[in-house]
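Peer 1: The following block contains a protein sequence and its predicted model.
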There are 2 protein chains.
Amino acid sequence: MNSVTFAKAMADNTRQQIMHLLCCQWICVGDIVDQTGVSQPTVSHHLGILRVAGLVSTRREGKQVFYTLNQDAVAVCCGMLMQNFAPEKLEADGES
Amino acid sequence: MNSVTFAKAMADNTRQQIMHLLCCQWICVGDIVDQTGVSQPTVSHHLGILRVAGLVSTRREGKQVFYTLNQDAVAVCCGMLMQNFAPEKLEADGES
DNA sequence: CACTCAAATTGATAATTGTCGATATGATGT
DNA sequence: ACATCATATCGACAATTATCAATTTGAGTG
């Protein structure tokens, strides 16, 4: 994954709203629909983008599909952005 | 500045290319045009977006305008993304 | 198998955005 | 004041994207 893909995945208000919901818990698509107020196809679309970007994990449970945010991926991508665009702010830190 | 604005500003290949050029030096618009191969209006457009997002600083020198990347802003925004979307990866770190 | 419920996909549309050519602005030098 | 050079803005167009209604897929249930 590259930093443009990451930025594009984050470059939408609805998507960040979804990411916030998924940050520290597993939620199924229906609940995301309820809590965001956007239509189910739209939520699925956004989840697809986040999935392709590697930012969410998926688990099937009966008829429902649960999603959660992949915090490791976010951290890696933020590190990449720092390396690329704020290298002088990393010197003497623990980043290799 | 919010994290969506930041992500949108980064969510373009040409823009990240420009940011990379500006990362550790001041460059004037003409040189950015030469080194990116995109037209001068397009470069100005991208610089405008980066400027509004607070990611670049500007200095006028005669007829030329120089830009440089604001690494502090990038670092702050990355920190914001970490706080919002990878909080569990920050625990026990120096982030307040 | 037929039915139901949840999520994904499709198709269409409106909004946003990246790009360029043409033009305007603004600074410098003659 | 005029000419020139560098950058910004304007206007138009093409490409991308966010959104929803309608449909399909897929998993469970009677």
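Peer 2: Okay, I see it.

Peer 1: Can you pull the residues of chain A lying near chain B?
Peer 2: A:3-4, A:7-8, A:10-13, A:16, A:19-20, A:23-24, A:69, A:71-72, A:74-75, A:78, A:81-82, A:84-89 (CB under 8 Å from any CB of the partner chain). Quick note: C-beta positions are derived from backbone N, CA and C, even for glycine.

Peer 1: Could you identify the buried members of those residues?
Peer 2: Buried members of those, counted by 16 or more other CB atoms under 10 Å in any protein chain shown: A:3-4, A:7-8, A:10-12, A:16, A:19, A:23, A:69, A:71, A:74-75, A:78, A:81-82, A:84-86, A:89.

Peer 1: What about DNA strand D: which of those residues touch it?
Peer 2: With CB under 7 Å from any atom of the strand as the criterion, those include A:8, A:11, A:12 near DNA strand D.

Peer 1: mind listing which of the buried ones among the residues of chain A next to chain B are in strands?
Peer 2: Counted as lying in strands by DSSP state E, out of these, are residue A:69.

Peer 1: From the buried ones among the residues of chain A next to chain B, which land in helices?
Peer 2: Within these, residues falling in helices by DSSP state H are A:3-4, A:7-8, A:10, A:16, A:19, A:71, A:74-75, A:78, A:81-82, A:84-85.

Peer 1: ok so, going back, could I get the ones next to DNA strand D among the buried ones among the residues of chain A next to chain B as TSV with pLDDT and distance to residue B:37?
Peer 2: Formatted as TSV, those follow (pLDDT from 0 to 100; distance: CB to CB, whole Å):
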residue	pLDDT	distance to residue B:37
A:8	98	21
A:11	98	24
A:12	98	28
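
Peer 1: Can you convert these into CSV and add a column each for distance to residue A:39?
Peer 2: Supplementary listing: these in CSV, determined by distance: CB to CB, whole Å:
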residue, distance to residue A:39
A:8, 22
A:11, 20
A:12, 15
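
Peer 1: Can you tell me which of the residues you listed is nearest DNA strand C?
Peer 2: Distance to DNA strand C across those (CB to the nearest atom of the strand) is lowest for residue A:11, with 7.7 Å.
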